[in-house]
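Student: Return a 3D structure for these sequence lines:
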Amino acid sequence: MIHRILFALPIIALIAAGPALADCASEVARTDARVASLERKAPDGATGESWFGEPNTPQSVRKLLDGAKDLAADGKEEACVNQLGQARSVLRGLESKHGAQEAERERKTDAIRNDLKDGAAPGKTPEKGG
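Tutor: So this is what the prediction gives:
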């Protein structure tokens, strides 16, 4: 139920912004730039699971964006906006997942640095007096 609500919110927001998104193709280009940025930050691709079980990847966002471009080229602005909303929803999930992974990596790195600062270097044993 929550997934449906979360899925519907961006679409409703896009429809409400109708005149602001008069040129869906330019919005698709902006969203495509966000996908490229995510791919540069996370070359492995931060993935999440979609409702149907297949993983969400930057490539799945690009497929949705390609569909939106085709719809815009055919003059189907409302359908383009809907497809764009789906792509942005998936992209937000990927960006959120990447952000969480980045924060976890930073936390672990800080913990390792603190351990090294407080103790001996890894692999060295303290000298025994004798």
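
Student: what's the average pLDDT for the helix or strand encompassing Glu102?
Tutor: Here Glu102 sits within helix 77-118, counting by DSSP states H and E. Taken as a whole, helix 77-118 carries a mean pLDDT of 91.

Student: For that helix, which helices and strands make contact with it?
Tutor: The elements that helix 77-118 packs onto, with contact taken as 3 or more C-beta pairs under 8 Å, 6 or more residues apart in numbering; DSSP states H and E, are helix 2-16, helix 24-41, strand 48-49, strand 55-56, helix 58-73. No exception for glycine: its C-beta is placed from N, CA and C like everyone else's.

Student: tell me the angle it makes with helix 24-41.
Tutor: 20 degrees (axes from the mean of the first three to the mean of the last three C-alpha atoms, to 10 degrees).

Student: and the angle from helix 77-118 to helix 58-73?
Tutor: Using the same axes, to 10 degrees, the interaxial angle of helix 77-118 with respect to helix 58-73 works out to 160 degrees.

Student: Could you shift the numbering so residue one becomes 571, and keep it that way?
Tutor: Let's use 571 as the start, then, which means that last one is helix 647-688.

Student: picking up where we left off before, which stretch in the helices and strands packed on helix 647-688 has the least confidence?
Tutor: The stretch with the lowest average pLDDT out of the helices and strands packed on helix 647-688 is strand 618-619, scoring a mean of 53.

Student: Not counting its neighbours along the chain, what's nearest Leu661?
Tutor: With C-beta to C-beta, 6 or more residues apart in numbering as the measure, Val631 is the residue that lies nearest to Leu661, at 5.0 Å, once sequence neighbours are left out.

Student: neighbours around that neighbour, how many?
Tutor: Other residues lying near Val631 total 25 when counted by other C-beta atoms under 10 Å.

Student: Enumerate every residue touching it.
Tutor: Listed by C-beta atoms under 8 Å, 6 or more residues apart in numbering, the contact partners of Val631 are 601, 605, 657, 660-661, 664.
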